[in-house]
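Participant: Just need the structure, nothing else, for what follows:
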Amino acid sequence: MWLIIRRKLKTQDLIPYWDVSSSLGSVCSLCELTPDSHVHLFFECPFASDVWNRMRGLAGLNASNSNIYDIIHDIMPFVKRRTSESVVAKLVVAATAYYIWQERNWRLFQKGKRKVDQIVDCIKTVVRLKLLSCKLKKSKSGERLARLWDLPDAIFI
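Facilitator: Model (predicted):
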């Protein structure tokens, strides 16, 4: 996330600044429509946008746009809070960005492809596993979160 926020990921819009050949291609490996950039990949690319649209409800960010910088702006007011909602939002945003970047690199360098459903399942699994290591207060929001993420009663303190 630190690299994304500072626009330091090695996206194709930065190729002219690298000293490499143009064998990597000139279009986004996810949608194959336009060169990738931070703004495009997170989450204006149709593929990435589809992934984000399936995840944002689980993050409690239904009203957020599909632009990573708007999403970060939306979570900034509660980023330092340790509420279950803020933890889930941060986990979902970070995991979604990570798996989009991973899929982009996989397609670009390994020539493999996963479907949106497969990426969403990976994100849900990773977030759920992380949530299993947390302890939640038994409250309405905690119980709602447990139902949403299929968490056992043992996570409550």
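
Participant: buried residues in the lowest-mean-pLDDT helix or strand in the chain?
Facilitator: Taking mean pLDDT, DSSP states H and E as the measure, the chain has helix 2-5 as its least confident helix or strand, at a mean of 76. Residues of helix 2-5 classed as buried: Ile4 (neighbour count, 16 or more other CB atoms under 10 Å). (Each C-beta comes from the backbone N, C-alpha and C, glycine too.)

Participant: List of residues touching it?
Facilitator: The contact list for helix 2-5 (CB atoms under 8 Å, 6 or more residues apart in numbering) reads 9, 38, 42, 68, 72, 97.

Participant: again, but for stretch 61-79
Facilitator: Contacts of stretch 61-79 with the rest of the structure, by CB under 8 Å, 6+ apart, involve 4-5, 38-39, 42-44, 48-49, 52-53, 56, 85-86, 89-90, 92-93, 97.

Participant: buried stuff in it?
Facilitator: 61, 64-68, 71-72, 74-75.

Participant: Now for those residues: which two are most distant?
Facilitator: For the buried residues of stretch 61-79, with distances taken as CB to CB, the pair at the greatest spread is Ser66 and Ile75 (14.4 Å).
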